[in-house]
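Colleague: After the sequence you'll find the predicted model.
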Amino acid sequence: AQPGWQANAYKIANYGSVSQKVEAMKAALNAYGPLPTAYWVYEDFKLYKGGVYSYTTGKKLGGHAVLLVGYNDAEKYFIVKNSWTPKWGEEGFFRIAYGEVSGKSSFGMMTIAYYSSKEVDLSATPAWQRVAPHFDNITWN
């Protein structure tokens with residue numbers, strides 16, 4: 001680590017689980033920014049080079065964690081950052097159809113929204129404070 005990294009670090013003040021529903025995930029993305037999430041990877045996903053992914057064929061290979069960063073309502077897909085280098089997919093990103101939330105990939109399982117801040121005095125923050133009580137699609141842990 002670089003010297004002085006602590007000065008640039010943020011702490012997670014609170015977090016919660018986002019419902020596995022397209023509208024809930026979009027609302028949490030708008031309210032809290034990029035969201036860590038997971039889904040089931042199938043063999044056909046390894047061949048992804050671009051476009052909007054929807055499961056077509058192959059066996060389940062396992063779960064995979066990614067970062068949900070955006071969406072497109074006109075074409076009904078989420079924009080996702082992967083960890084398989086910028087040479088994979090669309091420069092390290094992929095698009096996945098909204099239908100995969102309830103489809104074979106179960107996209108969006110275990111989505112987490114979090115609130116981070118340098119300004120929050122964590123010693124004064126109750127451990128289980130709900131950051132956005134009006135945001136019904138998040139169950140704060």
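Modeller: That came through, no problem.

Colleague: number of nearby residues for Gly108?
Modeller: The burial count assigned to Gly108 is 25, neighbours taken as other CB atoms under 10 Å. C-beta: built from backbone N, CA, C; applies to glycine.

Colleague: can you give me the helices for the chain?
Modeller: For the chain, applying DSSP state H gives helices covering 22-32.

Colleague: In it, where is pLDDT below threshold?
Modeller: For the chain, the stretches with pLDDT under 70 are 1, 117-141.

Colleague: Kindly calculate the angle that whichever strand in it runs longest makes with helix 22-32.
Modeller: Assignment by DSSP state E gives strand 60-72 as the longest strand of the chain. Orientation of strand 60-72 against helix 22-32 (axes from the mean of the first three to the mean of the last three CA atoms, to 10 degrees) gives an angle of 60 degrees.

Colleague: Strand 60-72 pairs with which strands, and in what direction?
Modeller: strand 35-42 (antiparallel), strand 77-81 (antiparallel) (DSSP bridges).

Colleague: so what's the spatially closest residue to Val66 that is not a sequence neighbour up against?
Modeller: Spatial nearest neighbour of Val66, excluding adjacent residues (CB to CB, 6 or more residues apart in numbering): Val80 at 5.0 Å. Contacts for Val80 (CB atoms under 8 Å, 6 or more residues apart in numbering) come out as 37, 66-69, 93-96.

Colleague: So which of those residues is the closest to Gly51?
Modeller: The closest of these to Gly51 turns out to be Arg95 (CB to CB; 6.9 Å).

Colleague: State the number of residues packed around that closest one.
Modeller: 20.

Colleague: before we move on, the earlier item: who touches the longest strand of the chain?
Modeller: So strand 60-72 is contacted by 25-26, 29, 34-43, 45-46, 77-83, 93, 95, 98, 108-109, 111 (CB under 8 Å, 6+ apart).

Colleague: Glu23: neighbouring residues, count only.
Modeller: Glu23 has 11 nearby residues by other CB under 10 Å.

Colleague: coming back round to it: Throw together a ChimeraX command that grabs the buried residues out of the contacts of strand 60-72.
Modeller: Applying 16 or more other CB atoms under 10 Å to the contacts of strand 60-72, the buried members can be selected in ChimeraX as follows:
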select :25,26,29,35,37,38,39,40,41,42,45,77,78,79,80,82,93,95,98,108,111
